[in-house]
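Engineer: What would the 3D arrangement of this be:
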Amino acid sequence: PVNRFCAASKNRTGFLCNDRATCVPASQVCDRVSNCRNGEDEEEELCGDLPHNLPGHLVFRCSNPTFWVYADQRCNGMNDCGDCSDEMGSLAACPPCGSEWWSCSPVLYEYCSCVPRRLCRDSVQHCRSWSDEYIC
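Structural biologist: Numbers count the residues shown, from 1 in each chain. Now for the predicted structure:
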């Protein structure tokens, strides 16, 4: 079998097209939009039984085994698994919040351990401690 692993923008896990040059971000595989010239990122044999037919490097399994997300959704700052297992803990192995993020315990289900700095001092509480309004 062909090795389809590649690194897309921002070092995110990707799917290598047949042209051996185009790297499609994992979350754009099987999204009903052809990103490869010949459409191999949308073929039935790949997309027919998600996530089972996808190459393992494109899939991240959440701590709840019935849920999965695309590998490039791991450590993206968003709670894609619903239980933050794609952002926190040993399975995800995410680095600390980056410079565009503020570390805190968010009040919104959307975030896990960091909130976007663009939300700092916007007169809306995003951290349980209110640190996004008073410190950030």
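
Engineer: only C-alpha atoms for contact and neighbour calcs from this point on.
Structural biologist: Will do.

Engineer: And the strands in this protein, which stretches?
Structural biologist: Along the chain, counting by DSSP state E, strands occupy 5-7, 13-16, 23-25, 59-61, 68-70, 101-103, 114-116.

Engineer: Mind listing the strands the first one pairs with, and their directions?
Structural biologist: Spelled out, that is strand 5-7. strand 13-16 (antiparallel) (DSSP bridges).

Engineer: before we move on, the earlier item: pipe the strands of the chain into a markdown table and attach mean neighbour count, mean pLDDT and distance to Ser90 per row.
Structural biologist: Compiled in a markdown table, the strands of the chain are given as follows (neighbours: other CA atoms under 10 Å; pLDDT from 0 to 100; distance: least, CA to CA, whole Å):
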| stretch | mean neighbour count | mean pLDDT | distance to Ser90 |
| --- | --- | --- | --- |
| strand 5-7 | 18 | 94 | 22 |
| strand 13-16 | 25 | 95 | 19 |
| strand 23-25 | 23 | 96 | 23 |
| strand 59-61 | 21 | 96 | 12 |
| strand 68-70 | 20 | 97 | 16 |
| strand 101-103 | 20 | 95 | 18 |
| strand 114-116 | 21 | 95 | 17 |
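
Engineer: would a markdown table of the ones you listed with distance to Glu133 be doable?
Structural biologist: Listed next are these as a markdown table, based on distance: least, CA to CA, whole Å:
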| stretch | distance to Glu133 |
| --- | --- |
| strand 5-7 | 36 |
| strand 13-16 | 34 |
| strand 23-25 | 34 |
| strand 59-61 | 33 |
| strand 68-70 | 32 |
| strand 101-103 | 11 |
| strand 114-116 | 12 |
